[in-house]
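Next input, structure requested:
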Amino acid sequence: MIKSELIKFFTPFKMIIYGGIILTFILIADVIFKDSGVLNQTLYSFIFDNVKTFIFVIPIILAPIASEIFTHDYECGCMKFFVLYKKREKVLFSKMLSLFLITTVLIIFTFFLLTLTYMFLNWSTFNISLENILKVSRMGGTFLITLIPILLIFVMISILFKNSSILSLLVFLLVIMSDFFPKVIGNITPRRFLWEFVLQEGQITKFSIILFVLYIIFFMILDIKLFSKKEMIL
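Just a heads-up that it's a prediction; the model follows:
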């Protein structure tokens, strides 16, 4: 099942669409509106500055992907076929793992494009040391792990609603990205993890770690409960 989900995603058309979105944001930030300071940056600092944008862009791309993995299979009747031959829990975890692997590929692809952009902009003076590579790898891994609660929320919405792609985007834009909510509420949403884990390395608090684990446990259990009781045809 994981293989089939990856095959559905990695089509030439979808790769062009998602790759084009990522490339567009890179070109806008680093070529069209290029800062002269880019020429004096290390690879790590260059990617770090761009990640400030991509902590929003990647989840927005993932919302319709999660919807396709779950909601589309409900609508076309494929989900009913899957659970006839496999346990529901195994189907759910296979789809979750597929979403996680796709997220991993998107992050690697984004960092790869950023590295190429950095080398292009600093062709004669680029600085790529082993230390920079290790720091960039650690940042990418942290970014990936930080997205897990958001992915679980997207899965929950995709199980519950038909228009899950739009709803996931609204939830992310209005709650996770919004500054209109009181600070006390904003500080316990998943955006806390994006800010603290990814953008403030070395300043991770024990409360954030506990909250992060609680988010994963809560939404994992909730997703399992919802999926196990969900009718297989919408």
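
which SS state does Ile188 fall under?
coil (DSSP: H, G, I helix; E, B strand; the rest coil).

Just want to check the distance between it and Phe48.
25 Å (Cβ to Cβ, to the nearest Å). Where you see a C-beta, it was placed from the backbone N, CA and C, and this is true even at glycine.

Looking at the two, which one has more neighbours?
A count of neighbours by other Cβ atoms under 10 Å puts Phe48 above the other of Ile188 and Phe48, at 18 against 13.

Might you report the residue contacts of that one?
If a contact means Cβ atoms under 8 Å, 6 or more residues apart in numbering, then Phe48 has Met139 as its contacts.

Buried residues, the helix or strand hosting it. List them.
Using DSSP states H and E, Phe48 sits within helix 43-76. Within helix 43-76, the residues that count as buried by 16 or more other Cβ atoms under 10 Å are 43-51, 54-55, 57-59, 61-74.

And stretch 216-228, by the same measure?
Phe219, Met220, Asp223, Leu226, Phe227.

before we move on, what about stretch 113-127?
Leu113, Leu114, Thr115, Thr117, Tyr118, Leu121, Asn122, Phe126.

Next step: these restricted to helices.
Leu113, Leu114, Thr115, Thr117, Tyr118, Leu121 (DSSP state H).

so what's the fifth one up against?
Neighbour list for Tyr118: Val38, Gln41, Leu43, Phe46, Ile47, Phe126 [criterion: Cβ under 8 Å, 6+ apart].

any idea which element the residue nearest to Leu101 when sequence neighbours are not counted lies in?
The shortest distance from Leu101 to any non-neighbouring residue, by Cβ to Cβ, 6 or more residues apart in numbering, is to Leu6 (6.6 Å). In this structure, Leu6 sits in helix 2-9 according to DSSP H and E.

what's the pLDDT at the residue nearest to Leu101?
Leu6 carries a pLDDT value of 82.

Equivalent analysis for Leu147, please.
Reading off the model, Leu147 has pLDDT 92.

Check the gap between Ile47 and Phe9 for me.
From Ile47 to Phe9 the distance is 24 Å (Cβ to Cβ).

do the same with Ile102
Distance, Ile102 to Phe9, by Cβ to Cβ: 5 Å.

which residues do those two both contact?
Taking Cβ under 8 Å, 6+ apart as the criterion, Ile102 and Phe9 both touch Ile65.

Name the residue in the two with the higher neighbour count.
Ile102 (22 against 19).

Which residues lie in contact with the more buried one in this structure?
Contacts of Ile102 by Cβ under 8 Å, 6+ apart are Glu5, Leu6, Phe9, Leu62, Ile65.

Tell me the one of the residues you listed nearest Leu106?
Leu62 (7.4 Å; Cβ to Cβ).

Might one say that the closest one is in contact with Leu152?
No. Here Leu62 lies out of contact with Leu152, judged by Cβ atoms under 8 Å, at a distance of 11.6 Å.

Can you name every helix or strand that the host helix or strand of Phe218 contacts?
Remark: Phe218 resides in helix 206-229, with elements defined by DSSP H and E. Applying 3 or more Cβ pairs under 8 Å, 6 or more residues apart in numbering; DSSP states H and E, one finds that helix 206-229 makes contact with helix 88-121, helix 148-160, helix 191-193.
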